[in-house]
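Engineer: All I have is the shape, not the residue letters:
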């Protein structure tokens, strides 16, 4: 059930004010008033989702022009000529009068089923961009390669906060091992707290799926109650924020004196981390510094993800023992109402574990939060 019917029923059955319902459930009062008008006029059908397409479009392309576009395309194809939108637009311009834009011509051809878009690669607009809502809600981690002064290869393990772009860790190793990833996690948490989830690619130090097991980092995350997420194979865009940071980091390191040892490189990375977090405005976060954005909101943490609310309205009758039965999380719960309400018709308003029970006149009989550990929800004395 959607929230619309839940709120309409709550208003009509309980008489709860529209303003109170709108505030408590994060919707606008005008939307609720519109639903009520439709419900009173059309009944249940008035609460169904409707198309927002306008009844009329005065500026729409005339049918005659659309037919001309289709006919011109057919003629050009029959002559073995190019029949793309720009070519059609050029030919229409030669006849004089108003000429539709190329995008309008493409839309006409698509609506008529004459064009099937088949791009050679996905356009940038097709990628779904995401950003965590709170600091520490999600960290991204990945390792990148660097070279010391003597030419020996090392790896730098970077950890970025997804919401604020805060660089919470940048630590060099000869080769990043499973224990190193765990140690960096705890070091970073010592500075800014533990995250709610950690996102990485499928490298051997981050994921044991390829070996049908778990690596040390996955086991530690599970112990701490931190969500463990992995990008799809061969899809670095999922970890795009930390991948992009590698480029920023290497550009900065290239301007520094080459480090001779891991200790020197670590000192350079610490300086860069402080500068990046405190003194470098970031375009993706409104030209603020990562530390400003990180400090601006309450922090998430292990187990802090908020699940969506599930709304229900149920009609029932109080049984002969003065109770009603409700299923929640695949478990039956018996809610006591008292023998005086036996046989009474009732309505249950359920928002996850929050339950309100009213009679046919809208009188509140009981309000409670379901205890998932108990089958019988006893009335308080």
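Structural biologist: Yep, it's here. All values reported here derive from a predicted model rather than from experimental measurement.
Engineer: okay, now the closest residue to residue 354 other than its chain neighbours: neighbour count?
Structural biologist: In this structure, residue 354 finds its nearest non-sequential neighbour in residue 369, 5.8 Å apart by Cβ to Cβ, 6 or more residues apart in numbering. (Each C-beta comes from the backbone N, C-alpha and C, glycine too.) As a burial measure, residue 369 scores 10 neighbours (other Cβ atoms under 10 Å).
Engineer: check contacts around residue 369.
Structural biologist: 353-355 (Cβ atoms under 8 Å, 6 or more residues apart in numbering).
Engineer: what's the spacing between it and residue 380?
Structural biologist: Between residue 369 and residue 380 the distance, using Cβ to Cβ, to the nearest Å, works out to 12 Å.
Engineer: sorry, back to before: out of the contacts of residue 369, grab the one that's most surrounded.
Structural biologist: residue 355 (22 neighbours).
Engineer: Touching, that residue and residue 349? I think so.
Structural biologist: Yes - contact criterion Cβ atoms under 8 Å: residue 355 and residue 349 qualify, at 7.2 Å.
Engineer: sec struct for residue 157, please.
Structural biologist: At residue 157 the chain is in strand, as set by DSSP: H, G, I helix; E, B strand; the rest coil.
Engineer: picking up where we left off before, show me the contacts of residue 369 that map onto strands.
Structural biologist: Residues from those lying in strands, with DSSP state E as the criterion: 354-355.
Engineer: Just the closest of the contacts of residue 369 to residue 13, please.
Structural biologist: residue 355 (14.0 Å; Cβ to Cβ).
Engineer: May I have the residues that are in contact with the closest one?
Structural biologist: Contacts of residue 355 by Cβ under 8 Å, 6+ apart are 326, 335, 348-349, 366-370.
Engineer: Which of those residues sits closest to residue 272?
Structural biologist: Closest to residue 272, out of all of the contacts of residue 355 and judged by Cβ to Cβ, is residue 369, at 49.2 Å.
Engineer: just the strands in the chain please.
Structural biologist: Under DSSP E, the chain gives strands at 139-147, 153-161, 167-173, 197-200, 227-230, 311-317, 323-328, 331-336, 345-351, 354-359, 364-369, 376-377.
Engineer: Including mean pLDDT and distance to residue 38, could the ones you listed go into TSV?
Structural biologist: Listed next are the strands of the chain as TSV, based on pLDDT from 0 to 100; distance: least, Cβ to Cβ, whole Å:
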stretch	mean pLDDT	distance to residue 38
strand 139-147	96	45
strand 153-161	97	44
strand 167-173	96	50
strand 197-200	95	41
strand 227-230	93	41
strand 311-317	90	17
strand 323-328	90	29
strand 331-336	91	32
strand 345-351	91	20
strand 354-359	92	23
strand 364-369	92	26
strand 376-377	90	35
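Engineer: want to throw these into JSON lines with distance to residue 61?
Structural biologist: Listed next are the strands of the chain as JSON lines, based on distance: least, Cβ to Cβ, whole Å:
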{"stretch": "strand 139-147", "distance to residue 61": "46"}
{"stretch": "strand 153-161", "distance to residue 61": "47"}
{"stretch": "strand 167-173", "distance to residue 61": "52"}
{"stretch": "strand 197-200", "distance to residue 61": "46"}
{"stretch": "strand 227-230", "distance to residue 61": "46"}
{"stretch": "strand 311-317", "distance to residue 61": "42"}
{"stretch": "strand 323-328", "distance to residue 61": "53"}
{"stretch": "strand 331-336", "distance to residue 61": "58"}
{"stretch": "strand 345-351", "distance to residue 61": "47"}
{"stretch": "strand 354-359", "distance to residue 61": "51"}
{"stretch": "strand 364-369", "distance to residue 61": "57"}
{"stretch": "strand 376-377", "distance to residue 61": "62"}
